[in-house]
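# can't give you the sequence, but here's the structure:
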Ligand code: ADP
């Protein structure tokens, strides 16, 4: 067997981007960059073509007032129609192209994420929960969709059209054209003033919302305690203070920026722009003798010049959201994966052996040090010890939630790191406290580890796990879909996970004994179900209550990450050591009253 020191750790993440590296957004979009650029180009052409009909109509007005013949007008009408049609075709093509490119990008990204997440150490999910996965696969990929399929084209359109519009207006009358830029310039100025200090205010906004959430959680969680001690008012004082604090902060912010932000929106509205241009135009027509028809292009295209102000604000938010999503996605895709063995080895038998096992979460403090442990096939080994002594961590090394920092964990003589993951999980199962049920039928939930199991096999395991009667009471029996209006209690979910483990039939099982059951009946059912599970298997139980593991073949006491005692219940009690002290501490008052001791 290879020496532990020669092993690679988790697969190193690709090098972090140096300062010159492209930002995550560009890297993620790289596979479809060409098509997105083409879509943006088409959209720009569409936006420019969209301005042409307005120019044509302006020219028509000019010629009509000059008394031009109908023949001279038709080419302009044709140009307006053709340009409008062309804009429509280009715009549609741009939208379709961007959506197709984004579709491919989403598919490739989600596949990459699924592949990568499948290779992450399972410990990551128990540590960080599954929220980040949902956020990445659903929310973040959707944020990229909004950005690439919609925002990109909107921004291109809104920035291109005004350029042509303004260029044309300058050819008509430079004074009015300059005036048409004034609302835009004013809008930008006012918007900047309204946004000054926004970063600090946004940080305070987030902090204030955080304070309300914390106070709300505390309020909800503590309400029973406060009420039962007759201090109902105290319970919501902090919540009320937090909401009042938020209201004060927010109204202060709004008051300070109200005038400038309202003015920024107001000055670029078409009504204001038209009013301004009409007034100035009227002066030019009456005083300077400017032909009235020259006002037409300004009335048609003037509002378009200021339009970007109204659109860019919200789009900036979408761009920021897309950038933040890309950063999170890139971080997840860089998370180190559990290395698959270069020279796979298959276990010979099911004897589990841990030798000199140490483990550290942070690379500095050892949570486990020098642990030796054997799990003999067909026996039950219980891990006991104070909270934080390392029981869950030790048990998690066998199904490779994490890999040891030093030492070895072997199954059937093979280092678990040399066993291909699929082979390892066929042999090592786990039943955790936090049971995950899928939004699928009860039968499919039980079948998870063996999708080809027959209905009879599913039912047999459900019976052994004392779940069968409960399932029959569900609206559709075994076909009832969980999570859609039908939910199981904590104890029932535990029994379902035991049925699942029974059906998967892994010869070695890691079991985190649930700490709390709703009622003694449920607890008795679970204990019975666990006995069924233990039969003929190698079991490693993380025991939280000593009463449930009295008959274990071996009890291992962990303290500060070290094995300090091991043996059978009676022997350990007789030894009068740490286990005896734990046992005395955990004996229930009922035991003491009834005089039942060991
Ligand atoms: P037990 O199961 O006996 O209560 P654990 O194995 O959960 O103990 O924890 C052992 C020690 O490791 C504790 O000090 C705990 O704070 C720490 N620990 C547990 N999980 C993590 C984690 N994911 N990251 C960092 N430290 C952890």
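Arrived safely. Please read these numbers as outputs of a predicted model, since none were measured by experiment. Residues are numbered from 1 along each chain as shown.

# Least confident secondary structure element in the chain?
helix 589-594 (a mean of 45; mean pLDDT, DSSP states H and E).

# Would you check how far apart residue 210 and residue 204 are?
Distance from residue 210 to residue 204, counting by CB to CB, to the nearest Å: 10 Å. Using the backbone N, CA and C atoms, a C-beta is placed for each residue, glycine as well.

# ugh, wrong one, I meant residue 104
Relative to residue 204, and taking CB to CB, residue 104 is found at 41 Å.

# got it, and residue 297?
47 Å.

# Of these two, which one has the most company?
residue 297 (25 against 15; other CB atoms under 10 Å).

# Touching, that one and residue 55? I think so.
Yes: between residue 297 and residue 55 a contact is recorded at 7.0 Å, counting by CB atoms under 8 Å.

# which residues do these two both contact?
residue 168 (CB atoms under 8 Å, 6 or more residues apart in numbering).

# How is this protein divided into domains?
32-333, 352-589 (automatic domain parsing).

# Distance to residue 343 for these - can I get that in CSV?
Converted to CSV, those look like this (distance: least, CB to CB, whole Å):
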stretch, distance to residue 343
domain 32-333, 18
domain 352-589, 7
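
# ok, the residue nearest in space to the middle of the chain - contacts?
In the chain, the residue lying closest to the centroid (CA atoms, centre = their mean) is residue 135, at 1.7 Å. Taking CB under 8 Å, 6+ apart, we find residue 135 in contact with residue 328.

# On the pLDDT front, check it for me.
On the pLDDT scale, residue 135 is placed at 79.

# where does it land in three-state SS?
helix (DSSP: H, G, I helix; E, B strand; the rest coil).

# helix, strand or coil for residue 68?
coil.

# Based on its surroundings, how many neighbours for it?
14.

# Dihedrals phi and psi, it?
Here is the backbone geometry of residue 68 (degrees, to the nearest 10): phi -70, psi 160.

# In this structure, where is pLDDT below threshold?
1-22, 126-131, 221, 223-235, 514-523, 588-598 (pLDDT under 70).

# all strands of it, in order?
In the chain, the segments counted as strands under DSSP state E are 352-359, 368-375, 380-384, 406-411, 414-415, 428-431, 508-512, 538-542, 554-559, 562-567.

# The shortest one pairs with which strands?
Here the strand partners of strand 414-415, with direction, are listed using DSSP bridges: strand 406-411 (antiparallel).

# Highest mean neighbour count out of the domains of the chain?
domain 352-589 (a mean of 18; mean count of other CB atoms under 10 Å).

# For the residue in the stretch 401-550 of the chain positioned nearest to the ligand, give the beta-bridge partners.
Nearest residue of the stretch 401-550 of the chain to the ligand: residue 542, at 6.2 Å (CB to the nearest ligand atom). Using DSSP bridges, the beta-bridge partners of residue 542 come out as residue 383, residue 512.

# hang on, it packs against residue 548?
No: contact criterion CB under 8 Å: residue 542 and residue 548 do not qualify, at 11.1 Å.

# which residues are in contact with both of those two?
residue 513.

# which residues touch the nearest residue to residue 181 once chain neighbours are set aside?
Spatial nearest neighbour of residue 181, excluding adjacent residues (CB to CB, 6 or more residues apart in numbering): residue 305 at 6.5 Å. For residue 305, the contacting residues are 162, 165-166, 169, 180-181, 183-184, 273, by CB under 8 Å, 6+ apart.

# Which of those sits closest to residue 499?
residue 162 (65.8 Å; CB to CB).

# residues contacting that closest one?
Taking CB under 8 Å, 6+ apart, one finds 304-308 in contact with residue 162.

# Please list the members of these that lie in helices.
304-308 (DSSP state H).

# Tell me the residues of this structure that contact the ligand?
127, 361, 367, 385, 387-393 (CB under 6 Å from any ligand atom).
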